[in-house]
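[1] no sequence for this one, just the structure:
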């Protein structure tokens, strides 16, 4: 049976390919150090686990949840936004729970995109922005994120006729894969652009709490006028080390939230209520674990950046995410460099072209393994590469 045309457009998911390479190398007996996938290695805080265990024993939580989420969870999200950003949200109409933010990011295009419509998609960027666009029948229009522009899209470079056809604009700061961050004035430009062309902004803020050196990531929704033009996605995965729990949310413009909730009610049956109660505990309980998370990632960031710079790179230390984005040395493509590190050093990095064509010439390191293994990886790179050159 032939696959549907929409699925034929979709390549294998980037991290599925990486996982396959890791498995194949390990089957050959290679001691693999994976710096590829951004899956926190730190444990979920104990008080969150305790709450899950308590609520999992409650028979009331063993039935179907509501697809939009417990009101108490949505209230916790709204309270968190008020305390963190000074943003007011109506938990009944402006917040919807998600089975992880990835789910909502993939599905939002199905709410607005018809065949032939355009979404504005950052490149390099999280692959799901473009994949959701394609699966809904739309066409991604690439917004290049270039190093010389601080990895911000040049809104003025988007052609007028493209902007008029665009339905959604995806943004993500702190940015995966580049680690770039923004100041509030950029979001003000985005709001003005979106109002001019009647575009819905979808800001992915999954790394909002993973920041360093005194930088605090702003919320898109804190921008004047933002709730008139868009929504923000976030997740408990990264700040509370809950990637496998699959709990996130979207919030903002009420009609967009209603549309996403309506779609979800026809596609899924919501998040297990015990997990939602654990999420409430994460958002409202002690936050000291967050400071420890930041401390650990900042220490790892410094180790990686200083180690690469000692080998010939000239990297600045990113202010957000747990990634380091770096150019490949002279003579390599993104894929050939990643393959060289795997073959000669047993080290996995993510090739930059997996995030789009403007990622070519770069690679990404995830800071989600111990410092001991990071040091070993850097030693292997030194033995395999020596001192690198870039021209």
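    Yep, it's here. These numbers come from a predicted model, not from an experiment.

[2] just the helices in the stretch 1-150 of the chain please.
    5-8, 14-27, 46-56, 71-85, 101-112, 127-135 (DSSP state H, counting those that start in this stretch).

[3] which one of the ones you listed lies nearest to residue 286?
    helix 46-56 (6.7 Å; Cβ to Cβ). Just so you know, the C-beta spots here come from the backbone N, C-alpha and C atoms, and that holds for glycine as well.

[4] give the buried residues for that closest one.
    The neighbour-count check on helix 46-56 (16 or more other Cβ atoms under 10 Å) flags 48, 51, 52, 55 as buried.

[5] go on, stretch 268-281?
    Within stretch 268-281, the residues scored as buried using 16+ other Cβ under 10 Å are 270, 271, 272, 273, 274, 275, 276, 277, 278, 279, 280, 281.

[6] try stretch 76-84
    Buried, per 16+ other Cβ under 10 Å, within stretch 76-84: 76, 77, 78, 80, 81.

[7] now it: mean pLDDT?
    Mean pLDDT, stretch 76-84: 98.

[8] can you tell me what sits against that stretch?
    Identification of contacts with stretch 76-84 by Cβ atoms under 8 Å, 6 or more residues apart in numbering yields 87-91, 94-95, 219, 221, 249, 251, 279-280, 283-284.

[9] and it, how far out from the chain middle?
    20 Å (Cα atoms, centre = their mean, to the nearest Å).

[10] one more: stretch 289-297?
    18 Å.

[11] in this protein, which helix has the most residues?
    Looking across the chain with DSSP state H, the single longest helix is helix 288-310.

[12] which elements pack onto that one?
    Contacts defined by 3 or more Cβ pairs under 8 Å, 6 or more residues apart in numbering; DSSP states H and E place helix 288-310 against strand 323-327, helix 371-385.

[13] please redo it, this time with the cut-off set to 6 Å
    For helix 288-310, the elements it packs on are helix 371-385, judged by 3 or more Cβ pairs under 6 Å, 6 or more residues apart in numbering; DSSP states H and E.

[14] hang on, the earlier thing: what angle separates the longest helix of the chain from strand 323-327?
    Angle, helix 288-310 to strand 323-327, by axes from the mean of the first three to the mean of the last three Cα atoms, to 10 degrees: 20 degrees.

[15] re the thing from before, mind checking the helices of the stretch 1-150 of the chain for the one nearest to residue 175?
    helix 127-135 (11.9 Å).

[16] quick one: average pLDDT of that closest one?
    The model assigns helix 127-135 a mean pLDDT of 96.

[17] can you give me the angle it makes with helix 101-112?
    On the basis of the same axes, to 10 degrees, helix 127-135 is oriented at 30 degrees to helix 101-112.

[18] quick one: list the elements packing against helix 127-135.
    The helices and strands touching helix 127-135, judged by 3+ Cβ pairs under 6 Å, 6+ apart, are helix 101-112, strand 118-123.

[19] redo those as TSV? Include distance to residue 354 and mean pLDDT.
    Shown next, in TSV, are the helices and strands packed on helix 127-135 (distance: least, Cβ to Cβ, whole Å; pLDDT from 0 to 100):
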stretch	distance to residue 354	mean pLDDT
helix 101-112	16	97
strand 118-123	11	98
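
[20] follow-up on the earlier one: looking at the helices of the stretch 1-150 of the chain, which is closest to residue 324?
    That would be, of these and by Cβ to Cβ, helix 14-27, which comes in at 16.4 Å.

[21] for that closest one, what is the average pLDDT?
    Throughout helix 14-27, pLDDT has a mean value of 73.

[22] still on that earlier bit, okay, the buried residues of helix 46-56 in a markdown table with pLDDT and distance to residue 207 next?
    Compiled in a markdown table, the buried residues of helix 46-56 are given as follows (pLDDT from 0 to 100; distance: Cβ to Cβ, whole Å):
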| residue | pLDDT | distance to residue 207 |
| --- | --- | --- |
| 48 | 98 | 19 |
| 51 | 98 | 24 |
| 52 | 97 | 24 |
| 55 | 97 | 27 |
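
[23] now tabulate those in CSV and tack on distance to residue 105.
    Converted to CSV, the buried residues of helix 46-56 look like this (distance: Cβ to Cβ, whole Å):
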residue, distance to residue 105
48, 24
51, 27
52, 25
55, 27
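
[24] closest one of these to residue 382?
    Using Cβ to Cβ, residue 48 comes nearest to residue 382 of those, at 39.1 Å.

[25] quick one: that closest one from residue 282, how far?
    According to Cβ to Cβ, to the nearest Å, residue 48 stands 5 Å off from residue 282.
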